[in-house]
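> how would this look folded up:
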Amino acid sequence: MALPAHVLGRAVETSPNNKLNIAGIGVGGQGGHDVDQFSSENIVALCDVDEAHAARVFKEYPNAKRYKDFRQMLDQDKSIDAVVVGTPDHLHAIVSVTAIKHGKHVYCEKPLTRTVYEARAVAKAAREAKVATQMGNQGMAFEGNRLINEWLWAGAIGPVREVHVWSDRPTHRGKMPLWWPQGVERPKDTPQVPDTLDWDLWLGPAPVRPYHSAYVPFRWRGWWDFGTGGLGDMGIHNLAPVFSALKLGAPDTVQASSTPVFAETVPLATIVHYQFPARGDMPPVQLHWYDGGLLPERPAELGENAVLDAEDGIIFVGDKGKMLVKGWGGEHPRLIPESADKAYQRPPKTLPRSIGHYKEWVQACKTGSPTRSNFDFAGPLTEAVLLGSVCIRNGGDKLVWDSANLKITNDPDANKFLHYEYRKGWSLS
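Numbers count the residues shown, from 1 in each chain. The predicted structure follows:
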């Protein structure tokens, strides 16, 4: 697999029936779906600040202990081997690091964190603790994801110097209504907090603001304090196969354009341009991201009547041809034009095939085997994606990135978007 050799989880001594004791933290939405994928293990604890939103999962696992505060859960329940983190993005880092410091293996939904600084800190903590980790970009287990690597490494289109990647989020194929609010101001009314929700715990490290249904449940993703919009949501999925196949790390520069930028929310649509340096015998790469219904120029190789899938996709531009990937996370790669795809002699399948995205993590917890989206991969990917958000918030002008020192060198004021001051009582340390 295309992973550093040292990326191995520390195996745990499982229960007598060889099952992990797993706790879910943030189980009302995607986190609940994730917990369901591990139902063959022991689900021993569930934590959520919203009793109503998490009701289905609480009912599904009646023997699991229930908590509102994940810190109390980790302090009190010593039986837990591993945790599944499905909270909103602004809590990912603190929950993951706290669990790691308690010696737990961690499965965390994407993006790994909400800030660039957090992504570096979470990856470092996991590496030092030698716990098994996996980020929730499930496409890393797809067959197409591996085919992209094998074909490009075999020279299917020659050296790749340009890539275009897109998603329609937060729109539906470029049309309204939105999946979640973006490009709006903060609501002015202050409705009462539902009895089933602990609003202070939901905010966690984020600045205090009045409760509003504009944020919960799920609608938090487009608010800067809590999420990272379409780029953070689907960029992690659709950029992952690009980072894997082209062995990308930190970009040299980032530049962006967008619809109007609001103080509170992500713009409705963005374009982000990344410049990556050469890696070994791979040349420098220009990587272009589009969201909100924006698309790259349609390749002439598609033919007169073919159109790009408006939902998700990738175009790799090589010296000797192009590869089109339809769908999210690297699902369906093919060479274009169609005649090139039909003529292409597929190379041998040299990468190990996945046993399943979720099963990879369970096996890693038990045996120390590698996972494809471990935090050593997920951390740098998240950093690069979130640098796009930093650039957007800063106005879009080109930023020069010093990855070694975790700072922007040509516009020091932009560094304020790399992280923020947590509320009192919340810390990564």
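> What are the boundaries of the strands in the stretch 251-400 of the chain?
For the stretch 251-400 of the chain, the strands identified by DSSP state E, counting those that start in this stretch occupy 253-258, 270-276, 285-290, 312-318, 321-326, 332-336, 399-402, in order along the chain.
> Leu197 is nearest to which of the ones you listed?
Of all these, the one in closest proximity to Leu197, counting by Cβ to Cβ, is strand 270-276 (31.0 Å). Placement of C-beta: from N, CA and C, glycine included.
> pull the CA atoms of that closest one into CSV?
Once non-C-alpha atoms are left out, strand 270-276 reads as follows in CSV (Å, rounded to 0.1, in the frame of the first residue of the first chain):
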residue,chain,number,x,y,z
THR,A,270,-15.0,28.6,-4.6
ILE,A,271,-12.1,27.9,-6.8
VAL,A,272,-8.8,27.1,-5.1
HIS,A,273,-5.4,26.8,-6.9
TYR,A,274,-2.6,24.8,-5.3
GLN,A,275,1.0,24.6,-6.5
PHE,A,276,2.9,21.5,-5.4
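> what's near enough to touch the closest residue to Leu302 other than its chain neighbours?
Nearest-residue entry for Leu302: Ile336, 5.9 Å, with adjacent residues in sequence omitted and distances by Cβ to Cβ, 6 or more residues apart in numbering. If you count contacts by Cβ atoms under 8 Å, 6 or more residues apart in numbering, Ile336 has them with 299, 301-302, 321-324.
> Now with 10 Å, please.
Neighbour list for Ile336: 157, 299-303, 306, 315, 321-324 [criterion: Cβ atoms under 10 Å, 6 or more residues apart in numbering].
> Kindly list the longest helix within this protein.
For the chain, the helix with the greatest residue count under DSSP state H is helix 375-393.
> For it, what does the pLDDT average out to?
Along helix 375-393, the predicted local confidence has a mean pLDDT of 98.
> Based on its surroundings, how many neighbours for Asn405?
The burial count assigned to Asn405 is 8, neighbours taken as other Cβ atoms under 10 Å.
> mind starting the numbering at 33 from now?
Right, with 33 as the first residue, what we last looked at is Asn437.
> Please read off the pLDDT at it from the model.
In this prediction, Asn437 carries a pLDDT score of 98.
> can you tell me the helix or strand for it?
Asn437 is located outside every helix and strand, with elements delineated by DSSP states H and E.
> Can you tell me how far it is from Val117?
With the distance defined as Cβ to Cβ, to the nearest Å, Asn437 ends up 28 Å from Val117.
> coming back round to it: mind putting the strands of the stretch 283-432 of the chain in a markdown table, mean pLDDT and distance to Asp80 included?
Formatted as a markdown table, the strands of the stretch 283-432 of the chain follow (pLDDT from 0 to 100; distance: least, Cβ to Cβ, whole Å):
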| stretch | mean pLDDT | distance to Asp80 |
| --- | --- | --- |
| strand 285-290 | 98 | 33 |
| strand 302-308 | 98 | 31 |
| strand 317-322 | 98 | 32 |
| strand 344-350 | 98 | 29 |
| strand 353-358 | 97 | 35 |
| strand 364-368 | 97 | 36 |
| strand 431-434 | 98 | 36 |
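> and Leu52, what does it touch?
44, 46, 70, 72-76, 112-114, 137, 164, 393-394, 397-398.
> Quick one: buried ones out of those residues?
Neighbour counting over the contacts of Leu52 (16 or more other Cβ atoms under 10 Å) leaves 44, 46, 70, 73-76, 112-114, 137, 164, 393-394, 397-398 as the buried ones.
> Just the ones in strands from these, please.
Secondary structure defined by DSSP state E assigns 74-76, 114, 137 of these to strands.
> And the furthest pair within the residues you listed?
Maximum distance among these (Cβ to Cβ): 14.6 Å, for Ile75 and His137.
> residues making contact with the worst-scoring helix or strand of the chain on mean pLDDT?
The helix or strand of the chain with the poorest confidence is helix 261-262; it has a mean of 95 (mean pLDDT, DSSP states H and E). The set of residues that contact helix 261-262 without belonging to it, under Cβ under 10 Å, 6+ apart, is 198-203, 210-212, 214-215, 253-255, 267, 290, 297-302, 321-325, 420-421, 424.
> So what angle separates the directions of the longest helix of the chain and strand 285-290?
What separates the directions of helix 407-425 and strand 285-290 is an angle of 50 degrees, with axes from the mean of the first three to the mean of the last three Cα atoms, to 10 degrees.
> now helix 407-425, how far from the centre of its chain.
Using Cα atoms, centre = their mean, to the nearest Å, the distance from the centre of helix 407-425 to the centre of the chain it belongs to is 9 Å.
> same question, stretch 112-124
The gap between where stretch 112-124 is centred and where its chain is centred comes out at 13 Å by Cα atoms, centre = their mean.
> And the host helix or strand of Val197, how far out from the chain middle?
For Val197, the element it lies in under DSSP H and E is strand 192-199. Here the centre of mass of C-alpha atoms in strand 192-199, compared against the chain's by Cα atoms, centre = their mean, lies 18 Å away.
> tell me what it is packed against?
Based on contacts counted as 3 or more Cβ pairs under 10 Å, 6 or more residues apart in numbering; DSSP states H and E, the elements that strand 192-199 packs against are helix 268-278, strand 302-308, strand 317-322, strand 344-350, strand 353-358.
> Quick one: work out the angle between it and strand 317-322.
Relative orientation of strand 192-199 versus strand 317-322 (the same axes, to 10 degrees): 10 degrees.
> List the buried residues for strand 192-199?
Result for strand 192-199 [16+ other Cβ under 10 Å]: buried residues 192, 195-199.
> same check, this time on stretch 175-184
So stretch 175-184, judged by 16+ other Cβ under 10 Å, has buried residues 176-184.
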